[in-house]
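Q: sequence below, structure please.
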Amino acid sequence: MSESKVKGKQPEKKLRITYVKSSIGYSARQKATIRALGLRRLGDLVEQADTPVIRGMVHKVRHLVTVEEVG
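A: This next block holds a predicted model:
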């Protein structure tokens, strides 16, 4: 049985995060946030669960990434 069809379960929303601008010249904290999101090099794309923690991290580096809501 598919997880989305289990009673009471909503399909998990995800964020598709793409690393689009270099973090050179930005603070070490912002570089660490990029790494914590799972991004290593420019052009990298990751999907993370849509949680307040991830939203906060993305907000701190919003000038370095693009974000799309998925599912």
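Q: enumerate every residue touching the residue sitting nearest the centre point of the chain.
A: Among the residues of the chain, the one closest to the centroid is I17, at 4.3 Å (C-alpha atoms, centre = their mean). Residues in contact with I17 (C-beta atoms under 8 Å, 6 or more residues apart in numbering) are 37, 39, 45-48, 58, 65-67. All C-beta atoms are positioned from the backbone trio N, CA, C, and that covers glycine.
Q: ok but G56 is inside a helix, no?
A: Yes - looking at G56 with DSSP: H, G, I helix; E, B strand; the rest coil, it is inside a helix.
Q: now it: how far from K31?
A: 17 Å (C-beta to C-beta, to the nearest Å).
Q: neighbour count winner among those two?
A: K31 (15 against 10; other C-beta atoms under 10 Å).
Q: can you tell me the element that one falls in?
A: Element membership for K31, per DSSP states H and E: helix 28-36.
Q: and the following helix or strand past that helix, which residues are buried?
A: Downstream of helix 28-36, the first helix or strand assigned by DSSP H and E is strand 45-49. Going by neighbour count (16 or more other C-beta atoms under 10 Å), the buried part of strand 45-49 is Q48.
Q: also stretch 20-38?
A: 23, 33-34, 37.
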